[in-house]
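# how would this look folded up:
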Amino acid sequence: MSARARGRRRRGGGESHENHERWLLTYSDMITLLMALFIVMFAISNVNKAKFESLQQTLQEAFSGKILPGGTAIQQSGGTDESDESVPEPPIPAMAPAHEEGDHGEDEDDALEALKEEQDFEALKRKLDAYARRHGLQDDLQTTIERRGLVIRLLTDRVLFDSGKAELKPRARPILDHIARLLVIDRRHPVVVEGHTDNVPIHNPVYPSNWELSGARASRVVRYLIGRGVRAGRMEATGFADRHPVSTNRTAAGRRRNRRVEIVLTRLNYWRQGGADR
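Predicted coordinates:
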């Protein structure tokens, strides 16, 4: 064999060896790529939450118009014109709460209480009116049921007090005793005793004006009723002088009607229907 042929054979054998080991390069490249992929995936999976929130806030501020003009338009989905924007729906009106059955039950209870109170007042009024008829006191002892409650009106001249004085007459005691017994039976209603005078001025060492006289008369009746068993915690005395006349002060008869003491059993239950509006 010639030297040229042997040389070609040696060169051919070397090329065959080099081609046989070339796959190692491809394999190492693939391993490198896989490692890079795993590193990237690992980096993505470990996001810094604080930095991410900071980035999110920065982007929101940038697109809200504070930094970039027209940022709000960027935030919208698609480049819609103003004419294409949907018209905002009117707010839904708040619904009024429906009345529950409990509310109706409370209303019915209030109505029943008001009705019972009215019936109690009417019963007391009948007893007082009957007493006035038996003793001939229809003009001096009168009763009315008003919005404020049961009003017992006693004229002072012939029944309770002498002119310009606040000491009870002997004739007043049996009348007040009868009223006290009814008040003790009633027990629950507050009692307001009001003193009233006419508009004739009074000047004496004890009562310099009708204010003092009306207040003293109301207080005297309160003390008497307490002494007959009416609980003091229910009682109240007040003087109105000539501020609330029930008749004219131009005549003697009218002034006599204005000089009075009123004992009021105050209403506890008010109801928009029935006797509570009277």
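# next up, the contacts around the residue nearest to R173 when sequence neighbours are not counted.
Residue nearest to R173 in three dimensions, not counting chain neighbours: Y224, with 7.7 Å by CB to CB, 6 or more residues apart in numbering. For glycine as for every other residue, the C-beta is placed from the backbone atoms N, C-alpha and C. Going by CB atoms under 8 Å, 6 or more residues apart in numbering, Y224 touches 168, 173, 176, 180.
# give me the buried entries from these.
Neighbour-count burial (16 or more other CB atoms under 10 Å) applied to those gives 168, 176, 180.
# surely the first one meets F161?
Yep, that's L168 we're talking about. Yes - L168 is within contact range of F161, at 6.9 Å (criterion: CB atoms under 8 Å).
# against L265, how distant is the nearest residue to T197 once chain neighbours are set aside?
Excluding the flanking residues, the one nearest T197 by CB to CB, 6+ apart is N210, at 4.2 Å. Distance, N210 to L265, using CB to CB, to the nearest Å: 25 Å.
# all helices of the stretch 51-200 of the chain, in order?
Ranges of helices in the stretch 51-200 of the chain, per DSSP state H, counting those that start in this stretch, are 71-75, 101-134, 172-186.
# can you put the ones you listed in a markdown table and add distance to H244?
Shown next, in a markdown table, are these (distance: least, CB to CB, whole Å):
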| stretch | distance to H244 |
| --- | --- |
| helix 71-75 | 71 |
| helix 101-134 | 21 |
| helix 172-186 | 21 |
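# mean pLDDT lowest for which of the ones you listed?
Within these, confidence is poorest for helix 71-75, with a mean of 49 (mean pLDDT).
# pass me the low-pLDDT residue ranges in this protein, would you?
Residues of the chain meeting the criterion pLDDT under 70: 1-21, 45-52, 55, 59, 61-106, 271-278.
# per-domain residue ranges of it.
7-72, 114-277 (automatic domain parsing).
# related to what we said a few turns ago, which ones are touching the residue nearest to T197?
197-202, 241-242.
# cool, A172 as well?
154, 159-161.
# most neighbours among those, which one?
L160 (27 neighbours; other CB atoms under 10 Å).
# which one of the buried ones among the contacts of Y224 is nearest Q56?
Comparing the buried ones among the contacts of Y224 against Q56 with CB to CB places A180 closest, at 83.5 Å.
# isn't that closest one up against R231?
No - with contact defined as CB under 8 Å, A180 does not count as touching R231 (11.0 Å).
# buried set for stretch 164-183?
By 16+ other CB under 10 Å, the buried positions in stretch 164-183 come out as 165-166, 168, 172, 175-176, 178-180, 182-183.
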